[in-house]
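Generate coordinates for the sequence data below:
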Amino acid sequence: MDPFSFPPFAAVLGGASALITSMADTIAGAVPTGVAVLIAIAIATLAVRAALIPVGLSSARAQVARARLAPRIRELQKRHAKEAPRLASATQELYRAEGVSPFAGMLPSLFQVPIVSVVYGVFTRVTIAGQTNALLAHTVLGTPLGASFAGLAAAGAVGQLVLPLSLLVVIAAIALLSRCLAIRSARLMDPTAPDPTRLARVLSWLPLLAVVFAALVPVAASVYLAVSMAWTGVERTLATRRWLTV
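Model prediction:
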């Protein structure tokens, strides 16, 4: 069932689409319409992420707090390796004594889901409130903003692949940089941590799945994804460093 088929959700999506379309129309006086749409998408994404800065800071603070307790948690795991109930009890006591919740940061992260879902929906849906999504009707470098890299490649539209392919390269670069920054931040938060397991090393490459995802969604959504990923990487790094110095 499509959640945006419900009138309240459809109204929110329609309002967000109208706002971004209006922004694009204003910018179109200075640049081509298609480029104006991409700029409007980037501005809207930055505005949403800026509004969610407190949420990001809260998540980073919780992550740093848990990392500071990690060495003591490992000591408890060694001490009670064969006593699961005692380990669970001791771990809970440690978190309680330090005023840290093992689930801290989860609620702020969940808070982002409906907001980001609306923004993402605006850039992926062919129709909004029963009308054609005008944001996807424009072209840049001959590429329709409603087309995807996978769709164009399957259709043999080689001449229209420049923009989506460029976005995939940008997203791949952001994903790799974000991975490096995340590994570095993890070492700063817990210098005594043992070498990551094979599973952890494999999971560290998960950000690159964004490239696969971007290849399947409209170009407009890829722009949103690239800007949002770049923001996340910078915000997480700066926020982590901030709480490490507190």
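
Going by C-alpha atoms from here, please, whenever you check contacts or count neighbours.
Will do.

in terms of contact, does L163 touch L141 like I think?
Yes: with contacts counted by Cα atoms under 8 Å, L163 reaches L141, the gap being 6.9 Å.

ok, those two, which is more surrounded?
The residue with more neighbours, out of L163 and L141, is L163; 17 against 12, by other Cα atoms under 10 Å.

how about M23, what does it touch?
Residues in contact with M23 (Cα atoms under 8 Å, 6 or more residues apart in numbering) are A40.

where's it, which helix or strand?
Element membership for M23 (DSSP states H and E) is helix 7-27.

What residues sit buried inside that helix?
10, 12-14, 16-18, 20-21, 23-24, 27 (16 or more other Cα atoms under 10 Å).

Need the nearest residue in space to T91, chain neighbours excluded.
Leaving aside its chain neighbours, T91 sits nearest to I73 (6.7 Å; criterion: Cα to Cα, 6 or more residues apart in numbering).

Now the one you found: phi and psi?
phi -60, psi -40 (degrees, to the nearest 10).

any idea how far V116 is from P8?
16 Å (Cα to Cα, to the nearest Å).

what does K82 give?
Going from K82 to V116 by Cα to Cα gives 43 Å.

likewise F4?
When distance is defined by Cα to Cα, F4 is 14 Å away from V116.

for I20, what are its contacts?
By Cα under 8 Å, 6+ apart, the residues touching I20 are 40-41, 44.

again, only using 10 Å
Applying Cα atoms under 10 Å, 6 or more residues apart in numbering to I20 gives the contacts 26, 37, 39-44, 119, 122, 135.

neighbour-wise, which of those residues leads?
Highest neighbour count within the contacts of I20: V37, with 30 neighbours (other Cα under 10 Å).

Doesn't that residue belong to a helix?
Yes: counting by DSSP: H, G, I helix; E, B strand; the rest coil, V37 is part of a helix.

Identify the spatial nearest neighbour of it, chain neighbours not counted.
What sits nearest to V37 in space, not counting adjacent residues and going by Cα to Cα, 6+ apart, is A24, at 4.9 Å.

One more: I39?
Once flanking residues are discounted, I39 sits nearest to A24: 7.4 Å by Cα to Cα, 6+ apart.

Make sure the one you found is actually in contact with L136.
No: checked against Cα atoms under 10 Å, the pair A24 and L136 is beyond contact range at 11.9 Å.
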